[in-house]
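Enquirer: Quick one: sequence plus predicted model below, questions after.
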Amino acid sequence: MSESTIQIALVLPDLLGTYGDFGNAVVLEKRMTWRGIKAEIVPINYGEPVPDSCDIYVVGGGEDTAQTLAVKHLREHPGLQRAVTKNAVVLGVCAGIQIFGESFTRADNVTHPGMGLIDSTSHAGGSRAIGEVIAEPANGLFEGVLTGFENHQGRTVLGPAARPLAHVRVGTGNDGSVEGAVQGRIVCTYLHGPVLPRNPQLADLLIEWATGTKVAPLDLPAVTAMRAERVRAAS
């Protein structure tokens, strides 16, 4: 790997920052720094252009109005879309899984076009999904269970070009059966927590994609204990 700095774009944290999802960018930066990999977070706020030169893009959750504003901004400043064509790594949380799809229908039954980055559609479900989630990673994507906290009304249907991130054991995820989406180097999930502090194996997968280098596990007993406690609580 080169000595260049890995840039982590924190996209629209002023709009899509529900439940401290900015922590996903912090975890990526710290887990690289602890391994001697140079990394920096690049915040991109509403009204600012989105660069297409970052290595990883992190998008968090937000309510309906924030989602609509975010899509408008990202269409007017299409750096993220250009970065995807250059194999950038993208993490979309909650609102991210909805706006990255082909379309999303809000609770008011108004359908909005998405960004078309993943083969999916989202709509408002009949009831809100709230609580802990445990899911098994699909296709051996990474080791261990996927855990997190969900609070959303959205339901997401994947098309043939996208595959699920995980299969739900406890909770709802996309539809009560599968959780999240993976398409190319885009990973989406409904899980907060934030999701990467709670799932370091997923964080390391994104780091490996961005750096092109296999990384050794980090020995962090507090993280291991926290994961075990959350699994017990959800079970």
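Expert: Arrived safely, thanks for sending. Keep in mind the model is a prediction, meaning the values are calculated, not measured.
Enquirer: Every contact and neighbour count from this point should use C-alpha atoms.
Expert: Fine.
Enquirer: hmm, who's touching the strand or helix carrying Val231?
Expert: Following DSSP states H and E, one finds Val231 within helix 221-234. With contacts defined as CA atoms under 8 Å, 6 or more residues apart in numbering, helix 221-234 is touched by Glu132, Val133, Ile134, Thr147, Val170, Pro197, Arg198, Asn199.
Enquirer: Toward the C-terminus, what is the element adjacent to the longest strand anywhere in the chain?
Expert: Under DSSP state E, the strand in the chain containing the largest number of residues is strand 120-137. The helix or strand immediately downstream of strand 120-137 is strand 146-158, counting by DSSP H and E.
Enquirer: Show me where this protein has its strands.
Expert: According to DSSP E, the strands that the chain contains are 6-11, 39-44, 56-59, 89-93, 103-105, 111-113, 120-137, 146-158, 166-170, 178-179, 181-183, 186-189.
Enquirer: Could I get the average pLDDT for the second one?
Expert: Read that as strand 39-44. Confidence over strand 39-44, taken as the mean pLDDT, stands at 98.
Enquirer: packing partners for that strand?
Expert: Using 3 or more CA pairs under 8 Å, 6 or more residues apart in numbering; DSSP states H and E as the contact test, the elements touching strand 39-44 are strand 6-11, helix 23-33.
Enquirer: Using PDB, write out every CA atom in that strand.
Expert: What follows is the C-alpha trace of strand 39-44 in PDB, where atoms were taken according to Å, rounded to 0.1, in the frame of the first residue of the first chain:
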ATOM      1  CA  ALA A  39      -6.300   8.600   7.400                       C
ATOM      2  CA  GLU A  40      -8.400  11.700   7.700                       C
ATOM      3  CA  ILE A  41     -12.000  12.700   7.900                       C
ATOM      4  CA  VAL A  42     -13.300  15.200   5.300                       C
ATOM      5  CA  PRO A  43     -16.700  16.700   6.500                       C
ATOM      6  CA  ILE A  44     -19.000  17.800   3.700                       C
END
